[in-house]
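Novice: my questions are about this predicted structure, shown below with the sequence.
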Amino acid sequence: MSETDYRLLKLLESKPHLRQRDLAREMGVSLGKVNYCLSALVEKGWVKARNFRNSHDKLGYAYLLTPRGIEQKAVLTVNFLRRKMAEFDALKEEIEQMQREVDRLDKRERP
């Protein structure tokens with residue numbers, strides 16, 4: 001499962017009424033990528049597309065997370081958080097090493 005799928009599920013949960021074009025814009029990806037990912041999520045049974053074209057509101061489609069989609073989003077959220085925390089820890093360590101290096105250089109340059 002990709003970060004794009006996680007971001008798409010998260011966005012659909014909060015804004016199910018968005019059109020694919022709007023989803024693409026909010027995610028910063030191509031319309032084709034959103035269409036491909038959304039189709040895969042529908043095929044897996046994680047998202048259900050409901051057609052409201054005949055309604056008075058003319059919403060078009062609403063993309064709703066299924067119960068299985070909600071479960072998978074929770075799993076993806078945990079995995080995403082773990083990955084981001086590991087990236088944060090690695091970045092923090094790199095910054096600390098760079099700071100120690102700068103401190104050593106500063107001490108050498110002082111008379």
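Specialist: Structure's in. What do you need?

Novice: can you map out the helices along this structure?
Specialist: Applying DSSP state H to the chain gives helices spanning 3-14, 20-27, 31-44, 67-109.

Novice: how about these, which one is nearest R50?
Specialist: In terms of CB to CB, the element of the helices of the chain nearest to R50 is helix 31-44, at 11.0 Å. Quick note: C-beta positions are derived from backbone N, CA and C, even for glycine.

Novice: so which elements touch the closest one?
Specialist: helix 3-14, helix 20-27, strand 47-51, helix 67-109 (3 or more CB pairs under 8 Å, 6 or more residues apart in numbering; DSSP states H and E).

Novice: what's the most buried one of these?
Specialist: Sort the helices and strands packed on helix 31-44 by mean neighbour count, taking mean count of other CB atoms under 10 Å, and helix 3-14 sits at the top with a mean of 17.

Novice: distance from the chain centre to that helix, please.
Specialist: From the chain centre to the centre of helix 3-14 is a distance of 5 Å (CA atoms, centre = their mean, to the nearest Å).

Novice: likewise for stretch 61-74?
Specialist: With CA atoms, centre = their mean as the basis, stretch 61-74 stands 14 Å off its chain's centre.

Novice: mean confidence for it?
Specialist: For stretch 61-74, mean pLDDT is 90.

Novice: and if you look at stretch 79-87?
Specialist: For stretch 79-87, the per-residue pLDDT averages 93.

Novice: just the C-alpha atoms of stretch 72-86, please, in CSV.
Specialist: Extracted in CSV, the C-alpha atoms of stretch 72-86 (Å, rounded to 0.1, in the frame of the first residue of the first chain):
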residue,chain,number,x,y,z
GLN,A,72,-7.5,-0.6,6.3
LYS,A,73,-7.1,3.1,6.7
ALA,A,74,-6.5,2.5,10.5
VAL,A,75,-3.8,0.0,9.6
LEU,A,76,-2.2,2.3,7.0
THR,A,77,-2.3,5.2,9.6
VAL,A,78,-0.3,3.1,12.1
ASN,A,79,2.2,2.1,9.4
PHE,A,80,2.4,5.6,8.0
LEU,A,81,3.0,7.0,11.5
ARG,A,82,5.7,4.4,12.2
ARG,A,83,7.5,5.3,9.0
LYS,A,84,7.3,9.0,9.6
MET,A,85,8.6,8.6,13.2
ALA,A,86,11.5,6.6,11.9
